[in-house]
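J.: predicted model follows, preceded by the sequence.
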Amino acid sequence: MPIVAQSTETTDWVSRFADEVIEESERRAPGKVTSVATAPVVVVASGLSPSGPIHLGNLREVMTPHLVADEIRRRGHQVRHLISWDDYDRYRKVPKGIAGVDEEAWEEHIGKPLTSVPAPKGSAHANWAEHFKAAMIESLAELGVEFDGISQTEQYTSGVYREQILHAIRHRGEIDAILDQYRTKKAPAKKQQGQKPVDEAELEAAEGSGAAGEDDGSSGSVGYFPYKPYCGNCEKDLTTVTSYDDDSTELTYACTACGFSETVRLSEFNRGKLVWKVDWPMRWAYEGVVFEPSGVDHSSPGSSFQVGGQIVGIFGGKQPIGPMYAFVGISGMAKMSSSKGGVPTPADALQIMEPQLLRWLYARRRPNQSFKVAFDQEIQRLYDEWDRLDAKVADGSALPADVAAYARAVGTAAGELPRTPRPLPYRTLASVADITAGHGDQALRILSELDPEQPLTSLDEARPRYDKAEAWINTHVPADQRTIVRAEPDAELLKSLDEQGRASLRLLLDGLADHWSLDGLTHLVYGVPKVQAGFSADATPKELPPEIKTAQRSFFALLYHLLVGRDTGPRLPTLLLAVGQDRVRSLLGD
């Protein structure tokens with residue numbers, strides 16, 4: 001199979017794929033290329049089924065060709081990124097946990113095209129497919145993804161594929177022979193001793209949209225037939241072709257769901273579709289697709305991509321080159337499947353992170369490498385890593401592959417994505433949003449004191465990052481982990497302190513005014529235990545005995561208890577700024 005090689009080198013994978021795609025495109029149009037200006041339009045493709053929420057695993061189906069297409073576009077070539085909305089697929093099952101959907105009520109629509117299924121109650125959209133497409137289209141716009149969308153409902157029902165359908169039926173014997181090579185399923189391998197049990201969620205994720213496991217065509221009274229009519233009465237695809245005449249194209253089918261039967265002329269009939277393993281390669285040939293990645297469910301031996309590589313020749317086309325892409329996971333959650341309720345979507349991720357960070361997660365890992373999108377505390381570490389990369393790119397110390405991933409994250413060939421003017425640390429913004437509980441004036445007061453030499457004058461300078469951090473605090477941090485500053489001093493704890501405890505608080509209080517900034521307070525709170533032990537506040541860890549770390553932890557725990565009544569909390573310098581000097585002095589017994 002012509003699958004792009006996936007090197008384990010640290011070079012930029014997008015550039016390597018772009019090289020191969022351009023070469024393949026030119027190879028398919030020999031003699032037509034004399035310059036970039038006259039080169040053929042390069043076609044890359046993605047396919048998405050709006051059978052439910054289009055999740056972050058599905059996003060890889062789009063981001064992989066998007067990044068490659070964008071690199072080709074940066075080089076001056078014309079490129080089309082097609083997204084085929086597989087909205088004419090059958091409604092296979094009711095996803096769990098969808099708001100506005102009664103699972104029992106919606107089961108009656110199983111077997112209908114997705115565009116014939118009602119949208120969830122309360123939706124502004126015409127049908128099920130449009131409801132889930134809309135959210136993805138909005139997210140792709142925010143991510144800067146340029147694409148041409150193709151509705152397969154429109155393609156099939158308008159007769160665009162009529163000749164391709166008739167061609168497939170004329171050549172059904174050849175198609176059947178190809179498929180027959182793979183129909184004998186091997187017995188499942190015996191579980192080896194000590195082997196980890198297969199996770200049910202992992203199986204769900206591998207299933208994808210379900211197209212990979214669909215029937216490859218009927219083999220009833222007419223023999224093999226690669227086409228399924230949708231019933232003219234109940235709209236379902238639970239139909240069986242009972243007769244077909246090649247000369248007249250007259251087709252008779254019967255519906256096993258409602259008993260309806262009719263005879264139609266296929267040369268004029270537009271209410272049905274080719275089975276998936278024939279439909280996909282037909283579209284490769286029709287659109288001239290050069291590059292399209294595929295998920296694990298479509299890439300295993302005997303699966304859609306492999307079989308399609310042989311069937312595409314029947315339509316006069318060639319199989320695209322493209323990698324198999326790995327799973328995308330979520331911190332603290334099982335692998336994703338759109339059939340499971342509550343699975344995070346791109347819109348969910350963009351609620352708590354800027355588009356640049358989400359693009360970077362997909363750009364920095366080769367398609368065959370799995371990675372996780374963080375919705376838990378890990379998002380703070382990811383943002384720290386991103387900000388360090390930003391600084392390295394700015395000072396010229398970043399590695400070439402990291403520079404390339406960064407450039408692909410912050411913008412496209414069309415220009416840079418909108419960014420936060422003052423990108424303050426995400427963990428700091430989250431702490432401030434947590435402590436101020438939505439009070440913008442208080443948040444601005446705290447943030448303006450982070451750097452007295454360059455004070456923030458408006459929250460807009462910290463947006464949209466501040467809004468993303470606030471959304472994360474409000475939607476993903478459990479209530480018992482939120483920060484609530486004490487209303488009154490803990491008199492009992494203050495009274496119980498020994499001389500060393502009281503002295504540590506005095507050192508802190510005496511230094512507050514002179515150190516009232518983020519950097520100053522960081523120096524102060526880490527310095528108090530050093531000074532108490534007879535060292536300079538500027539002493540480095542290498543100059544200090546191990547017990548200083550223990551003293552620092554004890555001091556920090558004391559401050560947390562006095563300020564928020566817990567052992568831990570937001571970073572102390574941020575917490576102190578948030579509480580304010582006067583209130584800190586009161587709570588610490590000054």
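T.: Noted; the coordinates are in hand. Numbering: from 1, shown residues only.
J.: any idea which helix or strand carries Lys392?
T.: Element membership for Lys392 (DSSP states H and E) is helix 378-395.
J.: touching that helix from outside, list them.
T.: Applying Cβ atoms under 8 Å, 6 or more residues apart in numbering, the external contacts of helix 378-395 come out as 331, 352-353, 356-357, 360-361, 372, 374, 398, 402-403, 406, 423, 425-427, 430, 472. Any C-beta I mention is one placed from the backbone N, CA and C, and that applies to glycine too.
J.: now with 6 Å, please.
T.: Outside of helix 378-395, the residues within contact range by Cβ atoms under 6 Å, 6 or more residues apart in numbering are 331, 357, 374, 398, 403, 406, 426-427.
J.: what's the answer for stretch 427-442, then?
T.: Taking Cβ under 6 Å, 6+ apart as the rule, stretch 427-442 contacts 380, 443, 446, 459, 466, 469-470, 473, 482-483, 570, 574, 578.
J.: give me the buried entries from these.
T.: 380, 443, 446, 459, 466, 469-470, 473, 483, 570, 574, 578 (16 or more other Cβ atoms under 10 Å).
J.: from those, which land in strands?
T.: Of these, none are assigned to strands by DSSP state E.
J.: quick one: which of these sit in helices?
T.: Counted as lying in helices by DSSP state H, out of those, are 380, 443, 446, 466, 469-470, 473, 574, 578.
J.: same list (these) but as a markdown table, adding distance to Val222.
T.: Formatted as a markdown table, these follow (distance: Cβ to Cβ, whole Å):
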| residue | distance to Val222 |
| --- | --- |
| Gln380 | 61 |
| Ala443 | 70 |
| Ile446 | 74 |
| Tyr466 | 64 |
| Ala469 | 61 |
| Glu470 | 61 |
| Ile473 | 61 |
| Thr574 | 72 |
| Ala578 | 74 |
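J.: remind me which residues of the protein are low pLDDT?
T.: 1-11, 31-39, 184-215, 218-220, 297-301, 332-342 (pLDDT under 70).
J.: follow-up on the earlier one: of all the ones in helices among the buried ones among the contacts of stretch 427-442, which comes closest to Ala18?
T.: Gln380 (33.4 Å; Cβ to Cβ).
J.: could you list the buried residues of the helix holding Lys392?
T.: If you call a residue buried by 16+ other Cβ under 10 Å, then helix 378-395 has these buried ones: 379-380, 382-383, 386, 389-390, 393.
J.: could you point out which element follows that helix?
T.: Downstream of helix 378-395 (by DSSP H and E), the next one is helix 400-410.
J.: I'd like to check the angle between that following helix and helix 378-395, please.
T.: Here helix 400-410 runs at an angle of 110 degrees relative to helix 378-395 (axes from the mean of the first three to the mean of the last three Cα atoms, to 10 degrees).
J.: give me the helices and strands touching helix 400-410, please.
T.: helix 355-363, helix 378-395 (3 or more Cβ pairs under 6 Å, 6 or more residues apart in numbering; DSSP states H and E).
J.: can you list contacts of it?
T.: Residues outside helix 400-410 that contact it (Cβ under 6 Å, 6+ apart): 10-12, 67, 356, 359-360, 363-364, 389, 393, 416.
J.: what do you get if the cut-off is 8 Å, keeping everything else the same?
T.: 10-12, 14-15, 67, 70-71, 356-357, 359-360, 363-364, 389-390, 392-393, 398, 416-417, 419.
J.: which other helices and strands does the host helix or strand of Val21 contact?
T.: Element membership of Val21, judged by DSSP H and E, is helix 13-27. Applying 3 or more Cβ pairs under 8 Å, 6 or more residues apart in numbering; DSSP states H and E, one finds that helix 13-27 contacts strand 42-48, helix 56-74, helix 400-410.
J.: Three-state assignment for Gly173, please.
T.: Secondary structure, DSSP: H, G, I helix; E, B strand; the rest coil: Gly173 is helix.
J.: isn't it right up against Tyr224?
T.: Yes - using Cβ atoms under 8 Å, Gly173 makes contact with Tyr224 at a distance of 7.3 Å.
J.: neighbour count: the two, which is higher?
T.: Neighbours were counted for Gly173 and for Tyr224 using other Cβ atoms under 10 Å; Tyr224 has more, 17 against 9.
J.: now do the contacts for that one.
T.: 172-173, 175-176, 179, 217-218.
J.: coming back round to it: how far does the helix holding Val21 sit from its chain's centre?
T.: Relative to its chain's centre, helix 13-27 lies at 25 Å (Cα atoms, centre = their mean, to the nearest Å).
J.: swap in stretch 554-572?
T.: With Cα atoms, centre = their mean as the basis, stretch 554-572 stands 36 Å off its chain's centre.
J.: contacts for that stretch, please.
T.: With Cβ under 8 Å, 6+ apart, stretch 554-572 has contacts from 427-428, 430-431, 434-435, 483-486, 489-490, 493-494, 497, 501, 504-505, 508, 521, 525, 528-529, 575-576, 578-579, 584, 587-589.
J.: narrow those residues to those that are buried.
T.: Burial by neighbour count, judged by 16+ other Cβ under 10 Å, picks out 427-428, 430-431, 434-435, 483, 485, 489-490, 504-505, 508, 521, 525, 528-529, 575-576, 578-579, 584, 587-589 from those.
J.: from the residues you listed, which land in strands?
T.: Per DSSP E, the buried ones among the contacts of stretch 554-572 never map to strands.
J.: ok, the residue nearest to Pro489 when sequence neighbours are not counted - contacts?
T.: Once flanking residues are discounted, Pro489 sits nearest to Leu587: 5.1 Å by Cβ to Cβ, 6 or more residues apart in numbering. The contact partners of Leu587, taken as Cβ under 8 Å, 6+ apart, are 485-486, 489-490, 562-563, 579.
J.: show me which of the residues you listed is closest to Asp87.
T.: Nearest member of those to Asp87, counting by Cβ to Cβ, is Val485, at 51.0 Å.
J.: ok, the closest one touching Val579?
T.: Yes - the pair Val485 / Val579 is scored as a contact, 5.6 Å apart, by Cβ under 8 Å.
J.: what helices or strands is the strand or helix carrying Ala134 leaning on?
T.: Take DSSP H and E as the rule and Ala134 turns out to sit in helix 128-142. Contacts defined by 3+ Cβ pairs under 8 Å, 6+ apart place helix 128-142 against helix 346-352.
J.: 10 Å instead?
T.: Other helices and strands packing on helix 128-142, by 3 or more Cβ pairs under 10 Å, 6 or more residues apart in numbering; DSSP states H and E, are strand 42-48, helix 56-74, strand 79-85, strand 148-151, helix 152-157, helix 346-352, helix 355-363.
J.: so which of the ones you listed gets nearest Ala513?
T.: With Cβ to Cβ as the criterion, Ala513 lies closest to helix 346-352 of the helices and strands packed on helix 128-142, at 36.0 Å.
J.: what residues of the closest one count as buried?
T.: 346, 348-352.
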